[in-house]
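[1] One predicted model, sequence on top.
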Amino acid sequence: MQQYWLRWENWMQQHAPRLLNILHPGVTFEAVESLEKLIGTAMPASFKAFYAIHNGQQKARAGLVDADQLLSVEDITTQWHHWKDLLDAGTFNYHDEPVLSTPDTGIKNDWWNPLWIPFTGDGFGNHLCIDLDPAPEGKRGQVITFWHDDSHRAIVAGSFEEWLQDYLTALEKGEYIFVKKWGIVHKDTFLNYND
């Protein structure tokens with residue numbers, strides 16, 4: 001994972017050095033162990049190796065992932081509790097029946113699943129998640145979208161490492177730019193952001 005962080009840090013150094021200052025140091029083994037105990041299963045090895053170098057980013061307006069925050073393990077835990085509390089309260093039910101999503105093949109049709117682990121967030125309830133409970137056609141550890149007010153769930157990548165490789169390649173190809181107010185954003189959506 002070191003090579004991935006070096007690529008990302010190199011991009012930041014060239015395009016937005018200020019972003020280097022919002023990276024947390026690596027997560028502790030104990031913090032990851034606590035997350036795994038909470039969710040009842042192991043996180044992918046690539047996730048743990050990645051977070052051992054930098055535990056996400058500080059809470060800041062500038063996001064590292066298409067304007068979204070790269071969540072720390074502590075923020076992942078907070079977001080997980082938020083969604084779990086809503087699930088337990090029956091928020092995702094209608095007349096005692098579960099509200100279902102319209103997922104890509106390979107994702108369960110839950111509105112939210114306790115084994116969808118958010119690792120990015122926009123502050124409005126939208127996340128990229130690591131799916132640790134896929135449908136039979138899916139793959140454990142695939143990266144999926146979760147939008148709080150949209151029923152569609154999409155597979156973004158087959159694994160956390162694949163997502164990371166794809167994202168860094170897109171950065172290096174110039175598909176993303178730095179916008180002071182929002183952080184790293186896709187160049188095609190830049191017009192939607194007012195610097």
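    Arrived safely.

[2] Pull the contacting residues for residue 104.
    144, 153-155 (C-beta atoms under 8 Å, 6 or more residues apart in numbering). C-beta: built from backbone N, CA, C; applies to glycine.

[3] That one and residue 133: what is the separation?
    Distance, residue 104 to residue 133, by C-beta to C-beta, to the nearest Å: 15 Å.

[4] quick one on the thing from earlier: if any of the contacts of residue 104 are buried, put those into a PyMOL selection.
    A single PyMOL command selects the buried members of the contacts of residue 104 (16 or more other C-beta atoms under 10 Å):
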select buried, resi 144+153+155
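
[5] Does residue 141 touch residue 119 like I think?
    No: when contacts are counted by C-beta atoms under 8 Å, residue 141 is not listed as touching residue 119 (11.7 Å).

[6] The two: which has the busier surroundings?
    Shown here are residue 141 and residue 119; by other C-beta atoms under 10 Å, residue 119 has more neighbours (26 against 22).

[7] Report the contact partners of the closest residue to that one other than its chain neighbours.
    Of all residues not flanking residue 119 in the chain, residue 71 sits nearest, at 5.5 Å (C-beta to C-beta, 6 or more residues apart in numbering). Each residue near residue 71 by C-beta under 8 Å, 6+ apart is listed here: 56-57, 79, 118-121.

[8] same deal with residue 76?
    Residue 76 touches 35, 56, 117-119, counting by C-beta under 8 Å, 6+ apart.

[9] how about a cut-off of 10 Å?
    27, 31, 35, 38-39, 43, 47, 51, 55-56, 117-121, 127, 129-130 (C-beta atoms under 10 Å, 6 or more residues apart in numbering).

[10] Inside strands: which ones of the residues you listed?
    Counting by DSSP state E, the contacts of residue 76 place 117-118, 120-121, 127, 129-130 in strands.

[11] how about the strands of this structure, start to end?
    Using DSSP E, strands in the chain cover 69-70, 93-94, 97-98, 102-103, 116-118, 120-121, 127-131, 142-146, 152-153, 155-157, 176-179, 183-186.

[12] Can you list the neighbours in contact with the first one?
    The list of residues contacting strand 69-70 from outside it, by C-beta under 10 Å, 6+ apart, reads 8, 22-24, 50-51, 54-64, 75, 119-123, 127-128, 183-184.

[13] how far out from the middle of the chain is it?
    Between the centre of strand 69-70 and the centre of its chain there are 7 Å (C-alpha atoms, centre = their mean, to the nearest Å).

[14] Pairing partners for it, with directions?
    strand 120-121 (antiparallel) (DSSP bridges).
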